[in-house]
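Undergrad: From the sequence below, what's the structure:
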Amino acid sequence: MLKRWHIGIIALLALIAGVFYFVENHVSHISGPIVEQAYIMQPAWSDSLRQAISDHGGSFDELIFYAAEISDSPQGPVFAVNPVDFKWLAQQHVRAGLMIEIDSMPPNTDAGPALASAVRDLLGKASAAGATPVDLQLDYPVPSSQLPDLVPWIQKAQSAGPTPISVIAEPDWLSTSEFPAVAKTAGSFVLRESSSPNLDPDQARRDVERAAHVGVPFRVSLPTYRSMGSSAAADPAAMAGLIQSWVASRPELLHAVTWDRFTSDDDPSAWRWVTLQSVMSGVVPQANVQVQVRHVEPTLSEIDLVNSGTADGSFTSNVAVTWNDADLSDYRALPDFDEKVTGRRSLTLVPQPTLSDRPVRPGEQRAIGWVRLTDDSNVFAKPDDSAATNP
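TA: Residues are numbered from 1 along each chain as shown. Below you'll find the predicted structure:
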């Protein structure tokens with residue numbers, strides 16, 4: 001039978017163990033505005049991209065540029081360098097980071113020295129142009145079973161110079177016992193939640209909490225794009241909700257959100273700037289698609305869909321077109337619509353199913369049809385779900 005003092009010692013030891021467990025597993029949280037960054041993944045530097053960086057680059061703490069790719073070949077590692085305009089970035093005073101993608105390269109390949117040489121050359125070119133990178137990210141999505149092989153790669157990249165190195169981490173890496181050593185070798189990591197545009201925000205919150213237990217500073221990447229050729233698209237409302245929740249409370253080790261990716265007008269798969277700007281503020285963007293008539297010339301009028309909102313908008317209604325004091329001379333529905341004359345002075349534009357795959361983007365003015373009359377007359381157009389449907 002235990003004596004009373006034995007019970008007291010056991011209780012004290014249990015309390016001490018509980019305190020140590022709490023300290024080891026406790027994650028400190030903070031609130032307030034969160035640092036925001038963005039990836040620039042475009043392989044070519046268009047005038048539109050330069051204009052977007054000039055106009056909006058200052059809204060981000062850092063822009064991370066896709067700078068190079070390393071891949072395997074029978075002759076050894078092959079480096080393909082993306083032509084980042086470092087001199088222009090220096091003139092724009094952009095705080096720039098770089099990202100190197102490692103593709104089709106077995107982790108145990110002895111390419112570490114080649115990687116170090118390539119990193120050294122890349123950083124040297126950037127520095128010589130006056131655009132010294134603030135960090136360099138390694139994107140090497142290996143299976144979680146091969147994580148230990150990442151450590152020497154990170155160390156070789158670190159040997160190329162003083163620029164901090166981060167590793168881009170897949171969410172499933174957080175469940176392994178090997179990842180903390182990888183993250184601590186690098187000193188920081190980016191939790192990639194942007195592999196698919198269909199991100200579950202609740203899962204992202206859980207992943208961020210788990211990432212904080214690794215014990216090193218980290219960032220999280222979130223999607224801003226739609227998959228071309230499919231309906232999969234990042235949900236601005238869900239992303240704005242994540243920003244709202246992390247502004248209210250987030251792990252102290254979560255240092256930034258990195259948007260995947262920065263937008264320009266010639267990138268049809270990324271959000272428009274007004275959408276991203278709204279989401280970055282934690283405000284849910286709203287579409288505002290309206291039907292408008294443009295009087296192009298006497299007797300000719302064009303019917304447009306115009307989105308004056310901040311989010312991509314859908315349109316599913318028929319459009320009733322009417323006019324006075326003239327007869328119909330000619331008419332046509334434009335792509336994604338059919339037309340049907342419903343009277344001497346009326347016709348209906350009927351949306352085709354293909355329209356659902358082509359949202360009306362913020363700021364877009366899209367012609368959907370036109371009418372030419374026998375005399376100059378006012379033309380009116382409005383959504384009308386009661387109008388005739390497509391036969």
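
Undergrad: Endpoints of stretch 205-219, how far apart?
TA: Taking CA to CA, to the nearest Å, the span from the opening residue of stretch 205-219 to its closing residue is 13 Å.

Undergrad: brain fart, stretch 168-184
TA: From its first residue to its last, stretch 168-184 covers 13 Å (CA to CA).

Undergrad: Contacts for it next, please.
TA: Here stretch 168-184 makes contact (CB atoms under 8 Å, 6 or more residues apart in numbering) with 99, 137-141, 144, 147-148, 150-151, 154, 167, 189-193, 195, 203, 207, 210-211, 214-216, 218, 221. (C-beta placed from N, C-alpha, C; glycine too.)

Undergrad: What residues sit buried inside that stretch?
TA: By 16 or more other CB atoms under 10 Å, the buried positions in stretch 168-184 come out as 168, 169, 170, 171, 173, 174, 178, 179, 180, 182, 183.

Undergrad: From those, which land in strands?
TA: Among the buried residues of stretch 168-184, the ones falling in strands (DSSP state E) are 168, 169.

Undergrad: Reformat the buried residues of stretch 168-184 into TSV and put pLDDT and distance to residue 358 next to each item.
TA: Listed next are the buried residues of stretch 168-184 as TSV, based on pLDDT from 0 to 100; distance: CB to CB, whole Å:
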residue	pLDDT	distance to residue 358
168	97	32
169	98	35
170	97	32
171	97	32
173	97	37
174	98	38
178	96	45
179	97	41
180	97	46
182	97	42
183	98	42
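
Undergrad: Just the buried residues of stretch 168-184: which are in helices?
TA: Assigned to helices by DSSP state H, the following of the buried residues of stretch 168-184 qualify: 179, 180, 182, 183.

Undergrad: Select, from the residues you listed, the two members most distant in space.
TA: Taking CB to CB as the measure, these span a maximum distance of 7.3 Å, between 180 and 182.

Undergrad: Run a quick neighbour tally on the closest residue to residue 352 other than its chain neighbours.
TA: Leaving aside its sequence neighbours, residue 352 sits nearest to residue 336 (CB to CB, 6 or more residues apart in numbering; 5.2 Å). In terms of burial, residue 336 registers 18 neighbours under the definition other CB atoms under 10 Å.

Undergrad: what kind of secondary structure is residue 243 in?
TA: Of the three states, residue 243 takes helix according to DSSP: H, G, I helix; E, B strand; the rest coil.

Undergrad: Please name the residues that touch it.
TA: With contact taken as CB under 8 Å, 6+ apart, residue 243 is in contact with 34, 257, 279, 280, 281, 282.

Undergrad: which of those residues are buried?
TA: 34, 257, 279, 280, 282.

Undergrad: do you know how far residue 181 is from residue 28?
TA: Between residue 181 and residue 28 the computed distance is 22 Å (CB to CB, to the nearest Å).

Undergrad: That's all I had, so thanks and see you.
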